[in-house]
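Sequence first, predicted coordinates after that:
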Amino acid sequence: MADSVYIPGLAIPRPAALPALRHSALVRITHWINALSFLGLLVSGIGILLAHPRFYWGETGGLGTPSLFDLPLPFMLGGPSGWGRYLHFQSAWLSVLNGMLYVASGIAGRHFRDSLIPRQRELSWDSMRRSIASHLRFERPGADEAFTYNVIQRITYLAVVFCLFPLIIWTGLAMSPAVTSVFPALVTTLGGHQCARTIHFFAAIGSMLFVFVHVVMVWRAGFLKRVGAMLTGHVDAKENL
């Protein structure tokens, strides 16, 4: 006899013994492509930083000019920036195209509306406070969260997808002379190429913090089961993931 498992925005009748669909095929594919591109961006970004671990503000900056701040990294002028920039460029475009596919499908398939936009009752101070405290303590999620996101996850995912990632893309394009020669407003609005580079760095740090917390929460929730759900798309509603 069939029962119904709640997935945000959809009730699917299914045999009680069968696992429920948690992630669509497109969400799983774009997730792993994004993970691969993020790894490429991280490795190449470190290579670029090692070539010049100093940051400036304004239009220009370089050796012999005052810096805004210096990173405690070895200064390898002309070091791994060659392959680093090439890998960074390739990984960035893979991430952008993959992200566009994810956003387009998320809007068309109502993934954002059904799964990520917080419900009115979730925006209460008490609900927000409990969710924040849970994340700060890296608490293990309950079984009910196998099929949905809590309010902090919803807000964070929306902020990353529609605010942080666009900022990273914008500042990345603003550092390209070929792009800014055609669209100068991309860099002039930010205050110059060095401003774009500095903002890009801090936005990238924000994305790294997001990934770190995401991985820790996945580990706390049951790493193998959560990764398995992102590979197969299914979870068992009867198990505490």
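Looks like it arrived, so ask away.

Ile29: neighbour count?
Ile29: 15 surrounding residues under other C-beta atoms under 10 Å. Every C-beta, even on glycine, is put in place using the N, C-alpha and C of the backbone.

Does anything pack onto the helix or strand where it lies? Which helices or strands?
Secondary structure assignment for Ile29, by DSSP states H and E: helix 25-51. For helix 25-51, the elements it packs on are helix 81-108, helix 193-232, judged by 3 or more C-beta pairs under 8 Å, 6 or more residues apart in numbering; DSSP states H and E.

Neighbours of Phe202, how many?
Neighbours of Phe202 (other C-beta under 10 Å): 12.

how about Phe55, phi and psi?
Note on Phe55: backbone dihedrals following degrees, to the nearest 10 are phi -130, psi 150.

For it, give me its contacts.
By C-beta atoms under 8 Å, 6 or more residues apart in numbering, the contact list for Phe55 reads 61, 67-71, 194, 197-198, 201.

Compare the residues you listed and tell me which has the most neighbours.
In terms of neighbour count, Gln194 stands highest of the contacts of Phe55 at 23 neighbours, by other C-beta under 10 Å.

how close does the closest residue to it other than its chain neighbours sit to Phe165?
Nearest residue to Gln194 in three dimensions, chain neighbours excluded: Tyr56, at 4.0 Å (C-beta to C-beta, 6 or more residues apart in numbering). Distance of Tyr56 to Phe165, given as C-beta to C-beta, to the nearest Å: 24 Å.

The closest residue in space to Tyr86 that isn't next to it in sequence: how many residues sit nearby?
With sequence-adjacent residues excluded and distances taken as C-beta to C-beta, 6+ apart, Tyr86 is closest to Ser44, at 7.8 Å. Counted with other C-beta under 10 Å, the neighbours of Ser44 add up to 22.

Output the below-cut-off pLDDT ranges for the chain.
Where the chain drops to pLDDT under 70, the residues are 1-22, 77-81, 121-122, 135-148, 235-241.

I'd assumed His193 was in contact with Trp57.
No - in this structure Trp57 lies outside contact range of His193 using C-beta atoms under 8 Å: 10.5 Å.

Just want to know which of those two has more residues nearby.
Of the pair Trp57 and His193, His193 is the one with more neighbours under other C-beta under 10 Å, namely 21 against 16.

which ones are touching the more buried one?
Taking C-beta under 8 Å, 6+ apart, one finds 59-60, 174-175, 180, 187 in contact with His193.

and Asp70, bridged to which residues?
Arg54 (DSSP bridges).

picking that back up, type out the PyMOL command that picks the buried ones from the contacts of His193.
The PyMOL command for the buried members of the contacts of His193 (criterion: 16 or more other C-beta atoms under 10 Å) is given here:
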select buried, resi 174+175+180+187
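
from the contacts of His193, which single one is nearest Arg110?
Closest approach to Arg110 among the contacts of His193 (C-beta to C-beta): Ala174, at 33.0 Å.
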